[in-house]
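>>> Predicted coordinates and the sequence they were generated for:
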Amino acid sequence: MEKQLNRPKKAGKVYLVGAGPGDPDLLTIKAAKLLARADVIVHDGLVSREILDLASPSARRLSVAKQRSLHSVPQGQINNILIEEAGKGHLVVRLKGGDPFIFGRGGEEADDCIAADIDVEIVPGISAALGCAAQARMPLTHRDASSAVSFVAGQCKGLSDQNWAGLAGKGRTLVIYMGVANAEAIVEKLIADGVAPDLPVAVLENGTRNNFRALRTLLTDLGDLVQRENIKSPALLVVGDVARYGDAEDKFREFAQMTGVIA
């Protein structure tokens, strides 16, 4: 154990950096400085081109983009890339959409780096939930609507393995990441758990980007909304009374009436 504790760290270093939801102006100052200094950038597919353009021209860029049911680079291999590159003495920026520690698997990457005696530092970013809600002018908590907010993954290990009891309903906000493809199953799960079918829901697509959309309806109509509006990832689902905020209340009611579901 003494030998392990006294063994010097390898010269390189890994920074797990949150790139935020897409807008390069929402990067932290530290993240921007690291991009300018990086020798190697290992980035997700959701990291915008505008953010990558802030990197040093000499930096090597390695894409480890993942898509639903199609992981081009397995997580274990990504971890190995970080360790190998830092082991060569490189300053490695692992650039992740949103925040590294909110559904970003940053914890796994940090653990493997530490186990390999690689110095690792976490640089937080604005999570997608915060960025999308801000653009929609939708408070995730509000004195009149919600005193609690929860973040869940809509596809992690299958919905049946997740316990969402008490996370959605009156006075609470539930933000669902990666839930668009499972929207119908999510509706069934929440209603089966006792959530009112007429609870307001918002879908926030392409948050902080030029093609951002904020669409609102009621829980029972969520699956149909995703289909008829052809909503694609990246998108968040916000379940709760706060979904009424941002756009005028009459716009929400107009949309609900148009779909045949009236609050």
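Perfect, I can see it now.

>>> how far away is Asn182 from Gln155?
6 Å (CB to CB, to the nearest Å). Glycine gets a C-beta too; all of them are placed from N, C-alpha and C.

>>> ok, now which ones touch Asn206?
22, 212-213, 234-235 (CB atoms under 8 Å, 6 or more residues apart in numbering).

>>> out of those, who's nearest Ile102?
Distance to Ile102, by CB to CB, is smallest for Pro234 among those, at 13.3 Å.

>>> So that closest one is in contact with Phe103, correct?
No. With contact defined as CB atoms under 8 Å, Pro234 and Phe103 do not form a contacting pair (11.4 Å).

>>> could you dump stretch 19-26 to CSV, C-alpha only?
Provided in CSV are the C-alpha atoms of stretch 19-26 (Å, rounded to 0.1, in the frame of the first residue of the first chain):
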residue,chain,number,x,y,z
ALA,A,19,-19.5,22.0,-22.5
GLY,A,20,-22.9,23.1,-21.5
PRO,A,21,-26.0,22.6,-23.6
GLY,A,22,-24.6,24.0,-26.9
ASP,A,23,-24.2,27.8,-26.8
PRO,A,24,-20.4,28.6,-26.6
ASP,A,25,-21.1,31.8,-24.7
LEU,A,26,-22.3,29.5,-21.8
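
>>> Any idea how far it is from the middle of the chain?
Distance, stretch centre to chain centre, for stretch 19-26: 12 Å (CA atoms, centre = their mean, to the nearest Å).

>>> again with stretch 118-137
Centroid separation for stretch 118-137 versus its chain: 8 Å, with CA atoms, centre = their mean.

>>> ok, and for it, which residues are buried?
For stretch 118-137, burial by neighbour count (16 or more other CB atoms under 10 Å) applies to 118, 120, 122-136.

>>> Kindly report the same for stretch 213-224.
Neighbour-count burial for stretch 213-224 [16+ other CB under 10 Å]: 214-224.

>>> Tell me where the stretch 1-150 of the chain has helices.
Secondary structure of the stretch 1-150 of the chain by DSSP state H, counting those that start in this stretch: the helices cover 2-6, 29-37, 49-52, 75-87, 106-115, 128-135.

>>> so of the ones you listed, which one's packed in deepest?
helix 128-135 (a mean of 23; mean count of other CB atoms under 10 Å).

>>> Give me the residues contacting that helix.
Looking at what lies outside helix 128-135 - CB under 8 Å, 6+ apart - the contacts are 20-23, 26, 97-98, 102, 139-140, 151, 175, 177, 204, 207-208, 212, 214, 234, 236, 238.

>>> Inside strands: which ones of those?
Residues of the contacts of helix 128-135 located in strands (DSSP state E): 151, 175, 177, 204, 214, 236, 238.
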